[in-house]
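*Asks:* Give the three-dimensional model of this entry:
(one chain, ligands or ions: 1)
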Amino acid sequence: VIELGTPDRSVVTTCAYCGVGCSFKAEMQGDQLVRMVPYKHGKANRGHSCVKGRFAYGYASHSDRILNPMIRDSVDQPWKEVSWEEALDFAAKKLVGLQAKYGQKSIGVITSSRCTNEETYLVQKLTRAVFGNNNTDTCARVCHSPTGYGLGQTFGTSAGTQDFDSVEKSDVIIVIGANPTDGHPVFASRLRKRLRQGAKLIVVDPRRIDLLHTPHMGEGHHLPLKPGTNVAVVSALSHVIVTEGLMDEAFIKARCDLDAWEDYKAFISEDRHAPEATEALTGVPAATLRDAARAFATGGNGAIYYGLGVTEHSQGSTTVMAIANLAMMTGNIGREGVGVNPLRGQNNVQGSCDMGSFPHEFPGYRHVHGDEVRQMFEQVWGVSLDAEPGLRIPNMLDAAVDGTFKGLYCQGEDILQSDPDTKHVAAGLAAMDCVIVHDLFLNETANYAHVFLPGSTFLEKDGTFTNAERRINRVRKVMAPKNGYADWEVTQMLANAVLKETGGARWTYTHPAEIMDEIADTTPSFAGVDYALLEAEGSVQWPCNEEHPIGTPLMHVDGFMRGKGRFIVTEYIPTDEKTGPRFPLLLTTGRILSQYNVGAQTRRTENSLWHDQDLLEIHPHDAENRGLKDGDWVRLASRSGETSLRAKVTDRVSPGVVYTTFHHPDTQANVITTEYSDWATNCPEYKVTAVQVAASNGP
Ligand code: SF4
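*Replies:* The predicted structure is shown next:
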């Protein structure tokens, strides 16, 4: 008799939570997963893990999973379980009918950064080659789309510049708008190790995050800015460096566009950017800002790590470019220990963007306008392609409300819970005639769906994820899909069901390795990637091609991807979201270690024991003014809506700022958030909402 707990085989695969991309050995007994053991040869984690990757996999066998396809004619009818063939036939006929009635561009897709590269590639191919439009978008829209824009404009490509190992050579580290100990725990351990070895830390964050309490660390600076003033703070740092002559003139002269530098230098030297001029605006004492700027510019290798506290703002893209300016002016690009590093929230945000999930870009960040690249894809896919960019997620919802967008295939994404302005999302979904939800669970979006296609977990499929350091890690099938098909197979079946109606050639992929081969054939940064190489090397970092046959740990070493690095003038423009007498506090949001995003997975595991509700952090002064004690129920209200949660009185937040997590659907954090978004990418401004907090009797 073999007792559970005695594995008889193991499979190396990749964690499906955050962008660190830890490798695990899934230890199996028959078809039962016994435990996940951090893989000591994993290049991203070197044998370490956090409580999510190690313990929060039980959702894969949770009884809430829907394993059979379902359809219904309207959302007020009950679901009817049907065969895969019937569900796909029903979906295809609806989509084709909508296009016939409302036009080629009346349908689209939303894909997920939780899915593999191969799945994401197929979803954008479905949109472009089968639906015949570019209405494809990704949940990266609501997190790191400003990274794509900002780093593309300044450096020439949307990717972090370093590998994780690089932090071991850093001497001074800026962490801005990120809380790595909760959001990216395994990387945070490496960062803390470097801090204990004496590296200096500069934290730019409205909260006093745990990293600032690292035992035995070197010098630390906390810049407790008011939410929404990132650009002003980074500009003040740059102003000090430029006006005090602390720039790396040799780097700028050799590596950067000098006309752009002169324009930027004149702009940033203006007195209005000085710490003393911006202190009242940002809330950061001028002396603290000056000390931090000098520490960064003169402290040796300077690295910058940032998260959604940078991107999810009306000036998210501007802040990314301001950060890139800061790195270039101090010569902190192109060697170990330096760089600009977005900490990606989801396991495959990098990959989802790389694979052409945005409505204006083919895989490899090439604009759909480009005749040469479009003709190449037309030849490979055997169809004509649309040269006009498609709709972003918010545009799809707006068009649905206006009656011109009628059908949506939504893979692995619960937009009703995770996107801002819940009422508007609901109105958009309700106005569509065909919503297809492809997911593990009947999520909130499925309330508005006509077709439900069961999804597969990361344990049930082959493929690859690309982590925050551009590392392409293998995802290996550990067990057969409980729903019968991996997600890439479902997308292929949907494509073929539509093609049966419209008459195109069927798709015939038999394994994700074939999809990767097509990605390599069509995408220069992946040209050298295939599954044999990934088996041999364990993982590789793109660009991986003839020039870099086993990948590229450090980007922009001899020159920027765009040639010369481009400084960009980054004018601070205040958000339209203002505090006032009715809404005097600013709400910002973040994550907690044991939970993940809207909690669809972690809440269905024992991790929920560690965090069973979202709390509202409030400063003791603000709590006292409202007669609140720790643990009291409060009503949290904004101009958009209101919700109830319990108060946590703490001086981790500054007076005037409140903070909560968004892992529990009861909290309905996105009922509170605003309609504002990044000017360049429409990434929602989740991080700044004017609110009022008052005692309440609970929900
Ligand atoms: Fe998974 Fe991220 Fe935790 Fe690693 S650090 S185990 S990738 S959630």
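*Asks:* can you give me the mean pLDDT across stretch 455-468?
*Replies:* For stretch 455-468, mean pLDDT rounds to 95.
*Asks:* oh, I was asking about stretch 193-209
*Replies:* Averaged across stretch 193-209, the pLDDT comes to 94.
*Asks:* do the same with stretch 662-674
*Replies:* 72.
*Asks:* now do stretch 122-133
*Replies:* On average, stretch 122-133 scores 97.
*Asks:* CA atoms only for that stretch - export them in PDB, please.
*Replies:* Provided in PDB are the C-alpha atoms of stretch 122-133 (Å, rounded to 0.1, in the frame of the first residue of the first chain):
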ATOM      1  CA  LEU A 122      -2.800  31.500 -30.500                       C
ATOM      2  CA  VAL A 123      -5.400  33.900 -29.000                       C
ATOM      3  CA  GLN A 124      -3.900  36.900 -30.900                       C
ATOM      4  CA  LYS A 125      -3.700  34.800 -34.000                       C
ATOM      5  CA  LEU A 126      -7.300  33.800 -33.600                       C
ATOM      6  CA  THR A 127      -8.200  37.500 -33.500                       C
ATOM      7  CA  ARG A 128      -6.100  38.600 -36.400                       C
ATOM      8  CA  ALA A 129      -6.200  35.600 -38.700                       C
ATOM      9  CA  VAL A 130      -9.700  34.200 -38.000                       C
ATOM     10  CA  PHE A 131     -11.800  37.100 -36.700                       C
ATOM     11  CA  GLY A 132     -10.000  39.400 -39.200                       C
ATOM     12  CA  ASN A 133      -9.400  42.400 -36.900                       C
END
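*Asks:* Check the gap between the residue in the stretch 401-550 of the chain that the ligand sits nearest to and residue 457 for me.
*Replies:* Nearest residue of the stretch 401-550 of the chain to the ligand: residue 467, at 7.6 Å (C-beta to the nearest ligand atom). C-betas here are computed from N, CA, C, even on glycine. Note on residue 467: its distance to residue 457, by C-beta to C-beta, to the nearest Å, is 18 Å.
*Asks:* between the two, which one's more packed in?
*Replies:* residue 467 (30 against 23; other C-beta atoms under 10 Å).
*Asks:* Please tell me I have it right and residue 115 contacts residue 352.
*Replies:* Yes. With contact defined as C-beta atoms under 8 Å, residue 115 reaches residue 352; the gap is 7.4 Å.
*Asks:* Name the residue in the two with the higher neighbour count.
*Replies:* Remark: of residue 115 and residue 352, residue 115 carries more neighbours, 37 against 32, as counted by other C-beta under 10 Å.
*Asks:* Spatially nearest residue to that one, not counting backbone neighbours?
*Replies:* Of all residues not flanking residue 115 in the chain, residue 412 sits nearest, at 5.2 Å (C-beta to C-beta, 6 or more residues apart in numbering).
*Asks:* need the contact list for that neighbour.
*Replies:* Residue 412 is in contact with 111, 112, 114, 115, 438, 439, 455, 487, counting by C-beta atoms under 8 Å, 6 or more residues apart in numbering.
*Asks:* same check, this time on residue 180
*Replies:* By C-beta under 8 Å, 6+ apart, the contact list for residue 180 reads 187, 188, 191, 211, 305, 307, 343.
*Asks:* go with 10 Å
*Replies:* By C-beta atoms under 10 Å, 6 or more residues apart in numbering, residue 180 lies in contact with 18, 20, 186-192, 209-211, 305, 307, 343.
*Asks:* of the residues you listed, closest to residue 145?
*Replies:* residue 307 (13.9 Å; C-beta to C-beta).
*Asks:* rewinding a little: who touches both of residue 115 and residue 352?
*Replies:* Overlap of the contact sets of residue 115 and residue 352 (by C-beta under 10 Å, 6+ apart) consists of 121, 123, 138, 139, 346, 465.
*Asks:* Can you say which of these are buried?
*Replies:* Among those, those buried by neighbour count (16 or more other C-beta atoms under 10 Å) are 121, 123, 138, 139, 346, 465.
*Asks:* from the shared contacts of residue 115 and residue 352, which are also near the ligand?
*Replies:* Residues shared between these and the neighbourhood of the ligand: none [C-beta under 6 Å from any ligand atom].
*Asks:* can you redo the residues you listed as JSON lines with distance to residue 496 and secondary structure?
*Replies:* Listed next are the shared contacts of residue 115 and residue 352 as JSON lines, based on distance: C-beta to C-beta, whole Å; DSSP: H, G, I helix; E, B strand; the rest coil:
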{"residue": "121", "distance to residue 496": "16", "secondary structure": "helix"}
{"residue": "123", "distance to residue 496": "14", "secondary structure": "helix"}
{"residue": "138", "distance to residue 496": "23", "secondary structure": "strand"}
{"residue": "139", "distance to residue 496": "26", "secondary structure": "helix"}
{"residue": "346", "distance to residue 496": "29", "secondary structure": "coil"}
{"residue": "465", "distance to residue 496": "26", "secondary structure": "strand"}
